[in-house]
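S.K.: no sequence on this one, just coordinates:
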């Protein structure tokens, strides 16, 4: 058995999920502490690792990859379409709905008119489009994710007619155009500006499925570090302090920065799953554990972080060590909670898949 796969599961993907989930917690802890600096050797370490905060973008790339594996060999018809949506709903909805109810209950809004409106908006995955319906700030990505589920079979239908590469080129080009048109916080949390992220995931899945190898200088260790550099370049372009939003050049940088960054993410993922020495780094036991519970971890981390911040407030001076303290304390609390959520809510989905004897592609997919 391949050392980076097990039971037809692509193990390095769990490593990337772990990095994404832990990175999102880190950036939220750093932001909560008002983004202090931590300088070493003349460099601000915290700013250098701020790219970890783009874990949601990484999740979207992984999702595009996994779900292409789920559907690429299946016929695109009404039955497949609604079966796919039903399975995706069962994958993400139970844990999400429970988390939403608990958080609204703790805020005292659950039985109010506002609370019912928020809950209904979230249950219908419309909370990224309806102002004032947020329950927990990480939840926005679940709406984007579900909207992607709705459109993915339509993309596959297009690819059946034009070919996958042509369809990807068209969709990716539309995504770039939308990124240039819709700039600002009103759009950055919607599918409109995330189409390229999912497209990149689909493209690396296409290369993986068809065993299309990259040129030697773009693969293995060299390719991995080039991809890492590309991701940092894209993250730099995303910085508003670097670009300045009103400037036309800055506008383009903000639009293209996330795309360049996620291209780097996708490139690194492809190298990690096609080159075992790199894949083993991401398939270590700790990463596999956090990758497995990453969805529940993502759901609960902000909720726990808020309480941990309140508890630690008398001891936090917003110095350089405070984000680390808040990160570690939150991690200690949210880890067992996430495992419990996975065990009670998510595991039901995977057990159901086993009972239905799902195909290889579905088993290899562990979506965000």
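M.R.: Looks like it came in fine. Predicted model, so just to flag it, every value in this text is computed and none were measured.
S.K.: where does the prediction get shaky in the stretch 201-350 of the chain?
M.R.: 240-250 (pLDDT under 70).
S.K.: skipping adjacent residues, who's closest to residue 95 in space?
M.R.: Closest residue to residue 95 apart from its sequence neighbours, by CB to CB, 6 or more residues apart in numbering: residue 345 at 4.2 Å. Where C-beta positions appear, they are placed from N, C-alpha and C, glycine not excepted.
S.K.: so what's the one you found up against?
M.R.: Residue 345 sits next to 94-95, 98, 296 when contact means CB atoms under 8 Å, 6 or more residues apart in numbering.
S.K.: relative to residue 34, which of the residues you listed is nearest.
M.R.: Of all these, residue 296 has the smallest distance to residue 34: 28.1 Å, by CB to CB.
S.K.: and the helix or strand hosting the closest one, which residues are buried?
M.R.: In this structure, residue 296 sits in helix 294-312 according to DSSP states H and E. Using 16 or more other CB atoms under 10 Å as the test for burial, helix 294-312 gives 294-306, 308-309, 312.
S.K.: again, but for stretch 336-346
M.R.: 337-339, 341-342, 345-346.
S.K.: re earlier: report the buried members of the contacts of residue 345.
M.R.: Listed as buried from these are 94-95, 296; burial here means 16+ other CB under 10 Å.
S.K.: quick check: buried residues in stretch 228-240?
M.R.: Buried-residue list, stretch 228-240, by 16+ other CB under 10 Å: 228, 230-231, 234-235, 237-238.
S.K.: likewise for stretch 137-147?
M.R.: 138-147.
S.K.: pLDDT on it, on average?
M.R.: In this model, stretch 137-147 has an average pLDDT of 96.
S.K.: tell me how far it is from the chain's mean position?
M.R.: 10 Å (CA atoms, centre = their mean, to the nearest Å).
S.K.: what does stretch 153-162 give?
M.R.: Relative to the mean C-alpha coordinate of its chain, stretch 153-162 is positioned 24 Å out (CA atoms, centre = their mean).
S.K.: which residues sit against that stretch?
M.R.: Residues contacting stretch 153-162 (CB under 8 Å, 6+ apart): 71-72, 76, 80-81, 84, 166-168, 170-171, 202.
S.K.: on that earlier part again, just the ones of the contacts of residue 345 in helices?
M.R.: 94-95, 98, 296 (DSSP state H).
S.K.: let me have the residues you listed in a markdown table, extended by distance to residue 267.
M.R.: As requested, the ones in helices among the contacts of residue 345 are exported to a markdown table (distance: CB to CB, whole Å):
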| residue | distance to residue 267 |
| --- | --- |
| 94 | 34 |
| 95 | 31 |
| 98 | 36 |
| 296 | 28 |
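S.K.: and those residues, which is closest to residue 332?
M.R.: Nearest member of those to residue 332, counting by CB to CB, is residue 296, at 15.6 Å.
S.K.: give me the number of residues near residue 14?
M.R.: Counted with other CB atoms under 10 Å, the neighbours of residue 14 add up to 24.
S.K.: against residue 299, how distant is it?
M.R.: From residue 14 over to residue 299 the distance is 17 Å, taken as CB to CB, to the nearest Å.
S.K.: now residue 238
M.R.: For residue 238, the distance to residue 299 - CB to CB - is 25 Å.
S.K.: end-to-end on stretch 269-280?
M.R.: 12 Å (CA to CA, to the nearest Å).
S.K.: ok, and what's touching it?
M.R.: Here stretch 269-280 has contacts from 2-4, 10-13, 15-16, 61-62, 65, 204, 207-208, 213-214, 219-221, 223-224, 227, 281-282, using CB under 8 Å, 6+ apart.
S.K.: re the thing from before, tell me the helix or strand right after the helix holding residue 296.
M.R.: Following helix 294-312 toward the C-terminus (DSSP H and E): helix 322-341.
S.K.: buried set for that following helix?
M.R.: Within helix 322-341, the residues that count as buried by 16+ other CB under 10 Å are 322-323, 325-327, 329-331, 333-335, 337-339, 341.
S.K.: ok, residue 39 to residue 236 distance?
M.R.: 18 Å.
S.K.: and residue 292, by the same measure?
M.R.: When residue 292 is compared with residue 236 (using CB to CB), they lie 32 Å apart.
S.K.: cool, residue 274 as well?
M.R.: 27 Å.
S.K.: what are the ranges of the strands in the stretch 1-150 of the chain?
M.R.: Along the stretch 1-150 of the chain, counting by DSSP state E, counting those that start in this stretch, strands occupy 5-6, 9-10, 39-40, 43-44.
S.K.: pull the distance from the last one to the chain's centre.
M.R.: Read that as strand 43-44. Worked out by CA atoms, centre = their mean, strand 43-44 lies 27 Å from the chain centre.
S.K.: before we move on, the earlier item: so can I have a markdown table of the strands of the stretch 1-150 of the chain showing mean neighbour count and distance to residue 253?
M.R.: A markdown table is the format used below for the strands of the stretch 1-150 of the chain (neighbours: other CB atoms under 10 Å; distance: least, CB to CB, whole Å):
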| stretch | mean neighbour count | distance to residue 253 |
| --- | --- | --- |
| strand 5-6 | 15 | 38 |
| strand 9-10 | 21 | 33 |
| strand 39-40 | 10 | 26 |
| strand 43-44 | 13 | 20 |
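S.K.: much appreciated, bye for now.
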